[in-house]
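Undergrad: coords please:
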Amino acid sequence: MKTSPSKQTEKEIALEEIENQIRRVPDFPSKGILFYDITTLVKNPGAFRKSVDMMAEILTDKEITSFVAPESRGFIFAAALSYKLEKELILMRKPGKLPSDTASVSYDLEYGKDILEIHKDAINGKSRAVIVDDLLATGGTAHSAGHLVEKLGGSVVGYLFLMELTGLKGADTLFPHPVWSLLKMPG
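TA: Below is the predicted model:
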């Protein structure tokens with residue numbers, strides 16, 4: 001239930017604006033999946049800026065060295081956060097996209113399987129990473145990204161998402177690490 005406009009806080013108004021900018025596409029990429037399309041959010045400079053600012057605010061007191069971004073929508077938010085908070089940006093790509101020695105992990109999606117790769121020299125024992133992505137559903141992608149960071153000797157400070165589908169309980173798969181998300185939707 002939404003609060004009346006006169007009683008909404010500035011934060012609630014900003015979150016509502018961000019949520020309203022995300023297009024919902026039923027039955028994509030397959031029947032039964034409701035796809036949350038962020039292209040409509042990032043097209044709106046004000047809403048995109050608010051989302052990045054609010055995500056950055058969550059991390060202000062965290063000791064981190066790096067943002068790790070799974071391909072591809074994670075790149076958008078992690079790059080903006082890296083710029084804003086002056087932290088390393090480390091990209092996790094699909095197989096065959098990185099030019100140097102890589103480590104990889106395969107994982108299950110809600111609608112198939114996938115693989116992520118990272119440069120072996122991108123993470124080390126001093127790395128304190130936040131995994132950043134647009135959406136937390138079942139947690140498969142994020143869990144695999146965190147596993148890969150730890151496999152290379154780094155530590156995962158937490159996971160940060162624009163939105164979380166709480167009904168799919170993806171945050172449970174990321175325990176004991178903290179999970180932060182701007183928007184929580186039933187999913």
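
Undergrad: every contact and neighbour count from this point should use C-alpha atoms.
TA: Fine.

Undergrad: and the most centrally placed residue in the chain, which helix or strand is it part of?
TA: Nearest to the geometric centre of the chain sits residue 133, at 1.5 Å (CA atoms, centre = their mean). Using DSSP states H and E, the element containing residue 133 is strand 128-136.

Undergrad: by contact count, what packs against that strand?
TA: Strand 128-136 is packed against strand 66-70, helix 73-85, helix 140-151, strand 155-165, with contacts defined by 3 or more CA pairs under 8 Å, 6 or more residues apart in numbering; DSSP states H and E.

Undergrad: tell me how far the helix or strand of the chain with the lowest mean pLDDT lies from the chain's centre.
TA: Across the helices and strands of the chain, mean confidence by mean pLDDT, DSSP states H and E is lowest for strand 102-109: a mean of 88. Centroid displacement of strand 102-109 relative to its chain, using CA atoms, centre = their mean, to the nearest Å, is 16 Å.

Undergrad: and it, what's buried?
TA: 102-105, 107 (16 or more other CA atoms under 10 Å).

Undergrad: ok, back up a step: which residues touch the residue nearest to the residue nearest to the centre of the chain when sequence neighbours are not counted?
TA: Nearest-residue entry for residue 133: residue 74, 3.9 Å, with adjacent residues in sequence omitted and distances by CA to CA, 6 or more residues apart in numbering. Residue 74 sits next to 132-134 when contact means CA atoms under 8 Å, 6 or more residues apart in numbering.

Undergrad: bridged to the residue nearest to the centre of the chain, which residues?
TA: residue 161 (DSSP bridges).

Undergrad: pLDDT weak spots in this structure?
TA: 1-6, 110-111 (pLDDT under 70).

Undergrad: one more time with 90
TA: Applying pLDDT under 90 to the chain flags the ranges 1-8, 29-30, 32-33, 107-114, 186-187.
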